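*Asks:* fold the following and give me the result.
(2 chains)
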Amino acid sequence: MIALSEFSIEVPTGSVFGLLGPNGSGKSTFITMVAAMDRPVEGTLTVLGQTPSPGLRARVGTVFQENTQDPLMTVRETLTLAGRLFGLRGPRLRSRAAHLLEAFGLLERERHLVSTLSGGMRRRLEMARALLHDPDLLLLDEPTTGVDADERKALWGALNDVERGARTILLATNDLAEADTVCDLVAFVRDGCVVASGTPADLKRGLRKEVVQVDWESPMPGQLAEVGAWSETGLVIRKDALIHITCDDASALVPRLFALAPGSIRGLSIRASSLEDAYFQHVGQRDRAPAEAAS
Amino acid sequence: MSALGALFARDMRAVLRSRSQLYSSILTPLLILVFLGNGVSEGLDPSKLPAGNFTAYLVAGTVVMTSVFSSTFSSASYYRDRDSGIMRMFLSSPNSPRTILLGKSLAGVCIGIVQAMIVLLIAVPFVDF
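*Replies:* Numbers count the residues shown, from 1 in each chain, chains lettered A, B, ... in the order given. Modelled structure (predicted):
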């Protein structure tokens, strides 16, 4: 089975690079290879100027998708163990651990068992653990999965405070709003291939200006095809119970929609185009049935 | 060396924190020696037991059994580490799998020796060493 193919990216030093794609698209496989825990069968992979090797791992910090903590250890012990595994010891280890515990709001919980921490606190501890040895490259594999909005904000806030552009970050996520906010560059990944890459602004540039999200009761395929054929319309995509229509001028589109389907439209909202729309254009395109995706 | 010591210390601490493992590893040999040994000794003809009583015969077997239990718990810790995810952190560190294996195995060996010593101490009142 081929997990990655036609996968070519270059991550500039000091940048935050986002890998965006659905579950199973190959993001975690790539992260594992960059972390020197797996090898590509073919192709070339250069990390921090060298071929991945066990020695390189000392310069890489990894936050895995799942927590990597022993519930029977305390927060402080978790960091001490990680620090010693990465070659830290003595005063440097203690001061670095104290700094990160404070930065990630865990100093008061340092003597508590990991099993008593909330999910968000565990993710913050993961982040502190990955940054402990001051790596040149930080790999984040869906670091905010299962974390509520407040915790997510706290986590990114703490990371920004600690970071201030100190290292290169490779972020694998399917949270597009998060990627749009924090990433300098992104690549859309689909079935192990990079289908598009660039800055979020570049990827959004080709999009229509606005998106109309329509709560449309039982739309007929013919109606969606007709909307897609209008000159002011870009993409027409069904996502969950809503129809997403990209356009340049929503004020012209909306009256035509009501005229096309009187009584069937239960509600709609208008917003500016986002990275999510660029993502659907590149990655979601193959999912759309022709009738739902006339463009 | 630091990594080896850290893994060793962590596994030793894990055993001390796991009350059920700690108690069962001490109570099981204690029950065998005190109750089984004494009980069977009472039912036997003492003149046919040159070493004094039946408990003495159980000591060697109990030491071996304790070592086997210790090995089982030690190998089970690999599965626990894999399930908790911490094994991925170990493997993402610059240390070789050999170092990780050695650090954890040393802890298992050390725990086995300590438990065997505890069994021998428990056996002191019953056996004429």
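*Asks:* number of nearby residues for A:Leu176?
*Replies:* Residues within reach of A:Leu176, counting by other Cβ atoms under 10 Å in any protein chain shown, total 20. C-betas here are computed from N, CA, C, even on glycine.
*Asks:* need the per-residue pLDDT for the nearest residue to it once chain neighbours are set aside.
*Replies:* Counting by Cβ to Cβ, 6 or more residues apart in numbering or on different chains, A:Glu276 is the residue found nearest to A:Leu176 once chain neighbours are left out, at 4.3 Å. In this prediction, A:Glu276 carries a pLDDT score of 83.
*Asks:* A:Glu276 belongs to a helix, doesn't it?
*Replies:* Yes - counting by DSSP: H, G, I helix; E, B strand; the rest coil, A:Glu276 is located in a helix.
*Asks:* near chain B, which residues of the stretch 1-150 of chain A are found?
*Replies:* Taking Cβ under 8 Å from any Cβ of the partner chain, the part of the stretch 1-150 of chain A that reaches chain B is made up of A:35, A:37, A:54-58, A:60, A:62, A:64, A:66-73, A:77, A:80-82, A:84-87, A:89, A:129.
*Asks:* rounded mean pLDDT for the longest helix anywhere in chain B, please.
*Replies:* Among the elements of type helix in chain B, defined by DSSP state H, the one spanning the most residues is helix B:55-84. In this model, helix B:55-84 has an average pLDDT of 85.
*Asks:* got the buried residues for it?
*Replies:* By 16 or more other Cβ atoms under 10 Å in any protein chain shown, the buried positions in helix B:55-84 come out as B:55-59, B:62-63, B:65-67, B:69-70, B:73-74, B:77, B:80-81, B:84.
*Asks:* before we move on, what about stretch A:110-130?
*Replies:* Of all the residues in stretch A:110-130, those buried under the rule 16+ other Cβ under 10 Å are A:110, A:113-114, A:117, A:120-130.
*Asks:* what about it, how long is it end to end?
*Replies:* Using Cα to Cα, to the nearest Å, the gap from the first to the last residue of stretch A:110-130 comes to 16 Å.
*Asks:* before we move on, back to that, ok, and which of the buried residues of helix B:55-84 reach chain A?
*Replies:* The residues of the buried residues of helix B:55-84 that also fall near chain A, by Cβ under 8 Å from any Cβ, are B:Asp81, B:Ser84.
*Asks:* am I right that A:Leu207 is in contact with A:Asp277?
*Replies:* Yes - the pair A:Leu207 / A:Asp277 is scored as a contact, 5.4 Å apart, by Cβ atoms under 8 Å.
*Asks:* more neighbours: those two, which one.
*Replies:* Here A:Leu207 and A:Asp277 are set side by side on neighbour count (other Cβ under 10 Å), and the busier one is A:Asp277, at 24 against 20.
*Asks:* surely the more buried one and A:Val212 touch.
*Replies:* No - here A:Asp277 lies out of contact with A:Val212, judged by Cβ under 8 Å, at a distance of 11.3 Å.
*Asks:* and the helices in the chain, which stretches?
*Replies:* If you meant another chain, say so; for now it's chain A. Listed in chain order, the helices of chain A (DSSP H) span A:27-34, A:75-85, A:90-103, A:119-131, A:149-163, A:176-182, A:200-205, A:221-229, A:250-260, A:275-282.
*Asks:* can you look at chain B instead?
*Replies:* With helices called from DSSP H, chain B shows them at B:2-17, B:19-31, B:38-43, B:55-84, B:86-91, B:97-123.
*Asks:* what residues does chain B put near chain A?
*Replies:* Within chain B, the positions lying close to chain A (Cβ under 8 Å from any Cβ) are B:2-3, B:5-7, B:10, B:13-14, B:17-18, B:81, B:84-96.
*Asks:* which among those residues count as buried?
*Replies:* B:2-3, B:6-7, B:10, B:13-14, B:18, B:81, B:84-95.
*Asks:* got any ranges where the chain has weak pLDDT?
*Replies:* No chain specified, so I'll use chain A. Within chain A, the set of residues satisfying pLDDT under 70 comprises A:163-165, A:240, A:284-295.
*Asks:* not quite, I wanted chain B
*Replies:* Across chain B, the stretches falling below the confidence threshold (pLDDT under 70) are B:1, B:41-53, B:129.
*Asks:* returning to what we had before: nearest to B:Thr28, out of the helices of chain A?
*Replies:* Each of the helices of chain A was checked against B:Thr28 via Cβ to Cβ, and the shortest separation belongs to helix A:75-85, namely 28.7 Å.
*Asks:* send the alpha carbons of the closest one over as CSV?
*Replies:* The C-alpha atoms that make up helix A:75-85 are tabulated as CSV, following Å, rounded to 0.1, in the frame of the first residue of the first chain:
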residue,chain,number,x,y,z
VAL,A,75,3.4,16.4,35.5
ARG,A,76,6.9,17.2,36.7
GLU,A,77,8.1,13.6,36.4
THR,A,78,6.8,13.5,32.8
LEU,A,79,8.9,16.4,31.9
THR,A,80,11.9,15.2,33.8
LEU,A,81,11.8,11.8,32.0
ALA,A,82,11.4,13.4,28.6
GLY,A,83,14.2,15.8,29.3
ARG,A,84,16.6,13.0,30.3
LEU,A,85,15.7,11.0,27.3
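*Asks:* which strands or helices does it pack on?
*Replies:* In terms of contact count using 3 or more Cβ pairs under 8 Å, 6 or more residues apart in numbering or on different chains; DSSP states H and E, helix A:75-85 is assigned the packing partners helix A:90-103, helix A:119-131, helix B:2-17, helix B:86-91.
*Asks:* which residues does that helix contact?
*Replies:* Contacts of helix A:75-85 with the rest of the structure, by Cβ atoms under 8 Å, 6 or more residues apart in numbering or on different chains, involve A:69-70, A:73, A:89, A:93, A:96-97, A:100-101, A:106, A:109-112, A:114, A:117, A:125, A:128-129, A:132-133, B:2-3, B:5-7, B:10, B:13, B:89-90, B:93-95.
*Asks:* ok, 7 Å please
*Replies:* Contacting residues not belonging to helix A:75-85 are listed as A:69, A:93, A:96-97, A:106, A:109-112, A:114, A:125, A:128-129, A:132-133, B:2-3, B:6, B:10, B:89-90, B:93, B:95 [Cβ atoms under 7 Å, 6 or more residues apart in numbering or on different chains].
*Asks:* before I go, just wanted to say thanks for your time.
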